[in-house]
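K.L.:
The sequence and its predicted three-dimensional model are supplied below.
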Amino acid sequence: MSAEQIAFKAPEIMIDRATHYCPGCHHGIAHRLVGEVLTEMGLVDDTLCVGSIGCSVFIYNYLNVDAVEAPHGRAPAVATGLKRSRKDKFVFTYQGDGDLASIGMAEIVHAANRGERISVVFVNNTVYGMTGGQMAPTTLIGQKTTTCPAGRCLDREGAPIRMSEIIGGLGGTAYCERASLDSVKNIRRAKKAIRKAFEVQQQGIGFGFVELLSGCPTNWRMDAVAANKRITEEMIPYFPLGVYKDVTAEGGCACTEHGTDSKEDK
Amino acid sequence: MSLYQDVIIAGFGGQGVMLIGNLLAYAGMEAGLEVTYIPVYGPEMRGGTANCTVVISSEDIGSPIIQRPKSLIAMNQPSMDKFQPRMQDGGIQIINSSLVDPALADPRVITYSVPANEIADGIGNTRMANMVALGAYVQATGAVPLDVVKKSLTSVISSHYSHLIPKNADALQAGADHVAAQMR
Amino acid sequence: MSDNKRIFIKGNEAIARGALAAGLTCYFGYPITPQNDIPEFLSAELPAVGGEFVQAESEVASANMLLGAAAGGARAMTTSSSPGISLMQEAISYMAGSDLPAVIVNISRGGPGLGDIGSSQGDYFQSTRGGGHGDYRTMVLAPGTCQEGYDMMIQAFDMAFKYRNPVLVLGDAIVGQMKEPVTPWVPESISNYGVEDWCLSGAVGREKRLLKSLFLEEGALAGQNIHLQEKYTAMQAEARADVYACDDAELVVVAYGSIGRIVKSSVRKLRSEGHKVGLVRPLTLYPFPATVLEDLAKAGKRFLTIEHNCGQMVEDVRLSIRKYADSDFHGHMPGELPGSDDFVQPILARLGR
Ligand SMILES: Cc1ncc(C[n+]2csc(CCOP(=O)(O)OP(=O)(O)O)c2C)c(N)n1
Ligand code: SF4
Ligand SMILES: [Mg+2]
C-alpha cells in the first residue's frame, strides 16, 4: 500500500485552525468530543453554544456553531433564557470548574434543579487556568496554587467540591456522569457520557450534565505525561468516575402531576 | 547632568528578555536613578514573542510606555522586524546576530552586532545569551555602570539559580567587551 | 519609622504592601486579571502577620465579606478588576448606606462586557458616581505611579475610617503591571477614628448597636440621605491634584492616573520646544479637585481633557470650569496601549499649532 491513509479526521464542525491551548491541555480533546457527538447526533445546524469565561472562552473559534458569551459563571442562566426562547434548538454550555463550581454555583444548581432542557459540559482541571493557576473549589487537599501557596488546607479552604455528586442529587437532572480525559480508554467513555448528557435534552426529559476530569499542565507545572498521571493517581480517587444519575429508563423527571410541561415542546 | 535612556527588549518567550529587563531596571535603581519596567503580558505571552520596556532617568519618569525607543535589544529576527522601524534616528540597537541578520540593520540607527548565542556558548551556556546582549547594551549606551548590573544579579536571579551568578557576570562582561572592541 | 531603602516592585505589589502598612487585617478577593498579584502576594503575607485571607467564591461574596468585616470594625479590603467590581456594586451601595468603612481596589481593564485585559479608564463614571443604586459616593483615589499605589493605600484606609465610607482606589493595567522603585513606609500612628464606638463587638454593658441601610420610618431615609450628603460635602476638603507647569501655560491638559503621567512626557516634550502647556493630574477623582481647575480657568487658561476612554472625566472638568471656560476632549480608545507620542498632536492641535 503506497497511498497515505487518513487514520483520523476531525469532524466538519471543527474549524480547521490551531488552538490557543497549551501543549497537553485537555480542552482541545473535550472540544473535539463535543464536535463528534454533535455531528453523530445530526445536531450541527441546530446547536446553540453558550460559552463561559475561562481558557475555553474561545470555544467559538473552534466549533462552527452559533454561540453566545455568558458572564463568568452565568452560562446556565444564559442557556436557560436561550433555550426558553428557542425551544427547538439544542443548547449546551461548556464551563470550567472555577466558572461552574465557584462563582456560578447558584446558576448551575438552579438550572439543574428546574430540569432545564439544556446540557452542560463541565471541564474540571482543579485550577483557574486562564487567570494563572489560582485555587479553584475543586483544588485537591495539599495541592499548591498561587493563592494557596502552602497547599490547600481542609481547615482553611474546605474540601474540594464534587459537582457530579451534587448535580446527581437534584430533581431536574436526567443524566449526570463523571468521566476523564487521562487515557484513550477513558476518552472513549467520556464521549459516550457526553452523548448521553446531550440525548436527554433531545428527548426532553431533563437536564444533562457531564464532568470531564482534565489536565492543565501549565498551571500544574508539569509535562503532559505527568499531568495525565496526576489525573489517574490523584484526581480519580477523589472524583470517582461513573454515572451519578440516569432516569432515561423511567422516561425522565418531567412533571406529570400538573398537566402539560411547558418546557417540553416536542 | 541629566540622564535619560529608554529601551525595548524583545525576543522569543524563553530567551529571558523579561529577566534582563528587570536586571537593567534594578541596576538603574541601585545606581540612584529613577526607573520603570513594563512587560507585555497576558494571553499574548503563551508561546509567542515577549517584550518589555525599561526607562532610566535622573528625573521622575512620565511615560513608561515608549513608542519610538532610543534603543533596542533584538534577540531574534521578528523582534528586529517589529521594533527597528519604530526607533528614533541615531538610536542604538543591539542585535543578537546569532539569530538576526545584520544586513537588515537600518543605517538610520547605530547597530552593534553581537553573536550572543555563540558568545554565551563559549561561556558554557547558550541560555546566557540574554546577559551577553545586556552587557553589550550597557557598554554601548552607558545607561548604568556594568559593575552595578553585575552586583544586581543576586537581587534579580532567584536563589534557586544563585550558583549561576558568576557565569552570568562573565556573560555580561563578554557582551560589554564585544561592543568595546567594536567601538574602538 | 520609615526604612528609606527603595524596593523594585510591581504596582500591584505596592498596593498590597501599602495595605499591610496601613494595618490591613482582612482580605477577601476572587481571581481576575490584571490584579492577581495582589491576592497572590497577600495569600502568603497576610496570614504571616496574623491576618485573614479568604479567596471568595465570587466578587459578590468578596464584597459582602468586606461588609461583614467592616461591621466588625476591621481594616478590610477587596481588590478586583472591572467586571468583578460591577458585581460588587450592591454591597458597596449597602456599605455606603450603612456608613461602613472599606477599601476597594479596582485595577481596571477594558470594557464594556469582557472587553480585554489591557489598560483603560472606562470605569470613571462607575467609580465617581457611586456605581450602584441610590444617592451615594465613594471616595476615589487614582494612583499613577507605584509609589502612589503604596501611599494611597495608607491614605485610603485613613479616609475610610475618618468618613466611615467606602474608598475606591482606581488603577489600571499599566499601574498594576509596571515595576518601579518604591520607598516603603509605615505611618507613625494609625487612627481608627473611634471605631470602637460603633462597630459590632457584642452588647456587653452597653446598648445594642445596629448597622443598616433600611430606613422605613417617616423621614428616616431622608435624614440618612441628608447625613450622607453632609459627609460628601465635608469630604470635598480632601480633593487633591498634581499641578505641573501651569503658571504660564496657555493650555492646561487634565489627565489622571497612568494617562496623567504619560501625558506628562508629552507636555515635557512640548515645553522643551517652547510650547506653553501645563498639566493637572487629579489625584482624587471624588472629591474632584474642582477649585484647582476653576482657579486656572479664572486666570484665562484653555483646557484639554485627555482620557483612556470615550469621554467621562471631561464632564467633571467642564462642571468645574463652567463659569469661565470649556474643555476640549481627546479620547484614547481602550484596547490600544497609549504612549506619549499619541498625545503630542492632539495637544498641538488645541494650541492651534
Ligand atoms: C466577574 C469575573 N470575575 C473574574 C473573572 C476572571 N476570570 C476569567 S477566567 C476565570 C477562571 C477560569 O477558571 P475555570 O473556570 O476553572 O476555567 P479554566 O481556565 O481552568 O479552563 C476567572 C476567575 C472574570 N472574567 N469575570
Ligand atoms: S492554562 Fe491550563 S487550561 Fe488553560 S490552556 Fe493552558 S493547560 Fe489548558
Ligand atoms: Mg479550571
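P.N.:
On my side now, so go ahead. Ligands and ions are numbered 1, 2, ... in the order given.

K.L.:
would you list every one of the helices in the chain?
P.N.:
Defaulting to chain A. With DSSP state H, the ranges of helices along chain A come out as A:27-40, A:75-85, A:97-98, A:105-114, A:154-157, A:163-168, A:184-202, A:217-220, A:224-230, A:236-238.

K.L.:
let's do chain C instead
P.N.:
Counting by DSSP H, chain C has helices at residues C:11-21, C:37-48, C:59-71, C:82-87, C:89-97, C:124-128, C:146-163, C:173-177, C:220-235, C:257-272, C:290-298, C:313-321, C:341-351.

K.L.:
before we move on, what about chain B?
P.N.:
Secondary structure of chain B (DSSP H): helices located at B:17-30, B:77-83, B:116-123, B:129-141, B:146-156, B:165-183.

K.L.:
got any ranges where chain B has weak pLDDT?
P.N.:
The model of chain B has pLDDT under 70 over residues B:1, B:41-48.

K.L.:
Closest to the centroid, which residue in it?
P.N.:
Centroid-nearest residue in chain B, with Cα atoms, centre = their mean: B:Leu134, separated by 3.9 Å.

K.L.:
How about that one, nearest residue that isn't a chain neighbour?
P.N.:
Take B:Leu134 and drop its neighbours on the chain: the residue closest to it by Cβ to Cβ, 6 or more residues apart in numbering or on different chains is B:Ile20, 4.3 Å away. C-beta coordinates here come from the backbone N, C-alpha and C atoms, glycine included.

K.L.:
was I right about that neighbour contacting B:Val132?
P.N.:
No: using Cβ atoms under 8 Å, B:Ile20 is not in contact with B:Val132, being 9.7 Å away.

K.L.:
okay, the two: which has more neighbours?
P.N.:
More neighbours surround B:Val132 than the other of B:Ile20 and B:Val132, with 35 against 29 (other Cβ atoms under 10 Å in any protein chain shown).

K.L.:
Could you pull up the contacting residues of the residue lying closest to B:His178 once chain neighbours are set aside?
P.N.:
Among residues not flanking B:His178 along the chain, B:Val114 sits closest, at 5.4 Å (Cβ to Cβ, 6+ apart). Residues in contact with B:Val114 (Cβ atoms under 8 Å, 6 or more residues apart in numbering or on different chains) are B:94-97, B:132-133, B:136, B:175, B:178-179.

K.L.:
quick one: which of those residues is most hemmed in?
P.N.:
Ranked by neighbour count (other Cβ under 10 Å), the contacts of B:Val114 have B:Val132 at the top, with 35 neighbours.

K.L.:
Any figure for the gap between that residue and B:Val100?
P.N.:
Applying Cβ to Cβ, to the nearest Å, the value for B:Val132 to B:Val100 is 13 Å.

K.L.:
try A:Gly172
P.N.:
Taken as Cβ to Cβ, the span from A:Gly172 to B:Val100 is 62 Å.

K.L.:
For those two, work out which one has more neighbours and name it.
P.N.:
Between A:Gly172 and B:Val100, B:Val100 has the larger neighbour count (other Cβ under 10 Å), namely 27 against 20.

K.L.:
ok, that one touching B:Asp81?
P.N.:
No: between B:Val100 and B:Asp81 there is no contact under Cβ under 8 Å: 9.2 Å.

K.L.:
Give the rounded mean pLDDT of stretch A:157-169.
P.N.:
Here stretch A:157-169 scores 98 as its mean pLDDT.

K.L.:
just to revisit the earlier point, who wins for proximity to ligand 3 among the helices of chain B?
P.N.:
Ligand 3 lies closest to helix B:17-30 among the helices of chain B, at 25.6 Å (Cβ to the ion).

K.L.:
Restricting to C-alpha, output that closest one in CSV.
P.N.:
Written as CSV, here are the backbone C-alpha positions of helix B:17-30 (Å, rounded to 0.1, in the frame of the first residue of the first chain):
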residue,chain,number,x,y,z
VAL,B,17,14.1,39.2,27.9
MET,B,18,12.0,39.9,30.9
LEU,B,19,14.9,38.9,33.2
ILE,B,20,17.4,41.3,31.6
GLY,B,21,14.7,44.0,31.6
ASN,B,22,14.3,43.5,35.3
LEU,B,23,18.0,43.4,35.9
LEU,B,24,18.7,46.6,33.9
ALA,B,25,15.9,48.5,35.7
TYR,B,26,17.0,47.1,39.1
ALA,B,27,20.6,48.2,38.4
GLY,B,28,19.3,51.7,37.4
MET,B,29,17.6,51.9,40.8
GLU,B,30,20.8,50.8,42.6
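
K.L.:
From the chain's centroid, how far away is that helix?
P.N.:
Here the centre of helix B:17-30 is set off from its chain's centre by 9 Å, with Cα atoms, centre = their mean, to the nearest Å.

K.L.:
For it, which helices and strands make contact with it?
P.N.:
strand B:4-12, strand B:34-39, strand B:49-57, helix B:129-141, helix B:146-156, strand C:7-10, strand C:179-182 (3 or more Cβ pairs under 8 Å, 6 or more residues apart in numbering or on different chains; DSSP states H and E).
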